[in-house]
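In: coords below, sequence missing:
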């Protein structure tokens with residue numbers, strides 16, 4: 001096999017795993033990153049808890065990717081969720097499975113994941129260079145020769161693994177230079193777009209709801225005859241629109257709808273466990289049980305206080321009315337609001353606020369069996385730099401770890 005000089009660019013989960021795997025196979029590995037420390041974006045994942053994978057079976061896993069999931073089959077065959085869980089637990093970090101099969105460290109700290117990775121890098125004698133930004137990759141006769149850093153330093157190499165991420169969360173170092181370099185080497189780039197991103201809405205009353213989290217709600221996005229219905233989960237109101245797990249998960253598909261043109265609407269079902277008729281009966285029962293109670297105080301039993309005024313504004317019902325004064329038509333309007341509070345979607349927030357990047361290096365230019373470029377011998381890709389994206393729930397991080405593992409192994413053995 002022989003010892004090769006392998007340079008991994010980007011110290012996120014994909015890059016660190018690639019370096020660890022190549023180092024474990026006896027190679028001379030250098031890991032470089034522009035940040036002053038490793039895993040800057042990893043530390044933010046899962047709201048600082050690091051939802052590192054999902055424990056669902058392979059087919060269900062692949063279904064959570066927006067497209068191109070078949071590209072990942074070889075990587076997942078080599079190193080999948082059970083392998084990742086074993087990787088960390090064999091190194092002393094216990095993991096736990098929470099609702100929706102999401103996997104977290106028992107410490108609830110993403111730093112625990114990073115510490116295991118750093119120890120493993122040290123164990124495998126990987127040379128780590130921080131505060132080193134990539135400027136260019138030097139190629140001769142369609143084969144890589146070296147990398148050039150921003151300070152003009154040149155490091156020769158037999159293999160290079162690009163794991164520089166996309167363009168989301170740019171403050172973590174994902175600013176797209178890897179994509180530009182790949183493009184300069186002839187690779188096609190699928191235009192980067194925001195993924196797992198909050199959405200802006202037209203209605204101005206949304207400002208008064210900022211910070212409210214609704215649990216156990218269901219969303220329906222509508223565009224003409226098309227609709228997408230979410231699972232039951234959480235929604236967060238922001239000063240510009242909506243966010244939270246349900247919105248983030250579907251945001252990519254909604255953004256694609258918006259690019260097609262035409263209006264997109266969101267209906268929020270605040271009481272998904274009850275049908276329209278069941279909710280109407282329940283409201284009528286509450287009205288009859290307290291006929292002198294004003295509607296404002298009654299609605300506080302059903303809604304966050306700040307939403308009561310919004311309901312009154314939209315329905316046109318005076319909050320001073322007693323429940324006995326509420327007409328059948330007014331009650332029906334309240335039920336309609338509970339079952340479908342409607343918002344008009346304007347678009348996604350800027351890509352810099354997105355959790356992930358959709359788009360990236362075109363997969364047609366990458367061999368899925370090795371993660372090697374089909375254009376440049378000795379150049380490999382791993383992680384978010386490629387045109388792969390998935391829902392929230394640990395799927396994107398698993399793809400990063402798996403493609404990193406495969407790239408590291410391929411660079412070492414091929």
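Out: Now that the structure is in, tell me what you want to look at. Fair warning: this is a prediction, and the values are worked out from it, not measured in the lab. Residues are numbered from 1 along each chain as shown.

In: and the helix or strand hosting residue 228, what does it pack onto?
Out: With elements delineated by DSSP states H and E, residue 228 resides in strand 226-237, which encompasses its position. Helices and strands touching strand 226-237, as assessed by 3 or more Cβ pairs under 8 Å, 6 or more residues apart in numbering; DSSP states H and E, comprise strand 213-223, strand 241-243, helix 245-260. The C-beta positions use only the backbone N, C-alpha and C, and glycine is treated the same way.

In: I'd like the ones you listed written out as TSV, with distance to residue 126, mean neighbour count and mean pLDDT added.
Out: Listed next are these as TSV, based on distance: least, Cβ to Cβ, whole Å; neighbours: other Cβ atoms under 10 Å; pLDDT from 0 to 100:
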stretch	distance to residue 126	mean neighbour count	mean pLDDT
strand 213-223	41	17	96
strand 241-243	37	23	96
helix 245-260	33	19	91
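
In: between these, which gets nearest to residue 204?
Out: Taking Cβ to Cβ as the measure, the helices and strands packed on strand 226-237 were each checked against residue 204, and strand 241-243 came out nearest at 11.0 Å.

In: which residues are contacting the closest one?
Out: 198-201, 206, 235-237, 266, 343, 345-346, 349 (Cβ atoms under 8 Å, 6 or more residues apart in numbering).

In: Okay, and which of those map to strands?
Out: When those are checked against strands using DSSP state E, the ones located there are 199-201, 235-237, 266, 343, 345-346.

In: Which single one of those is nearest to residue 390?
Out: Closest approach to residue 390 among the ones in strands among the contacts of strand 241-243 (Cβ to Cβ): residue 199, at 18.2 Å.

In: Give the bridge partners for that closest one, please.
Out: As for beta bridges, residue 199 partners with residue 242, residue 348 under DSSP bridges.

In: Verify the stated contact: it with residue 353.
Out: No - with contact defined as Cβ atoms under 8 Å, residue 199 does not count as touching residue 353 (11.0 Å).

In: So which of those two has more stuff around it?
Out: More neighbours sit around residue 199 than around the other of residue 199 and residue 353, counting by other Cβ atoms under 10 Å; the figures are 26 against 15.

In: From residue 16, how far off is residue 358?
Out: Counting by Cβ to Cβ, to the nearest Å, the gap from residue 358 to residue 16 is 23 Å.

In: how much space between the residue located most distally from the centre of the chain and residue 322?
Out: Among the C-alpha atoms of the chain, the one farthest from their average position, using Cα atoms, centre = their mean, is that of residue 292, at 48.8 Å. Residue 292 sits 5 Å away from residue 322, taking Cβ to Cβ as the criterion.

In: Could you do residue 12 as well?
Out: Looking at residue 12 against residue 322, where the rule is Cβ to Cβ, the gap reads 59 Å.

In: How about residue 232?
Out: Here the criterion is Cβ to Cβ. By it, residue 232 lies 33 Å from residue 322.

In: Now pLDDT and distance to residue 41 too, for the ones in strands among the contacts of strand 241-243, in TSV please.
Out: Supplementary listing: the ones in strands among the contacts of strand 241-243 in TSV, determined by pLDDT from 0 to 100; distance: Cβ to Cβ, whole Å:
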residue	pLDDT	distance to residue 41
199	97	22
200	97	24
201	97	28
235	95	25
236	96	21
237	97	26
266	97	29
343	97	30
345	97	27
346	96	27
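
In: Enumerate every residue touching the residue nearest to residue 178 when sequence neighbours are not counted.
Out: In space, and not counting its chain neighbours, residue 178 is closest to residue 164: 3.0 Å by Cβ to Cβ, 6 or more residues apart in numbering. For residue 164, the contacting residues are 9-10, 15, 134, 173-174, 177-179, 385, by Cβ under 8 Å, 6+ apart.
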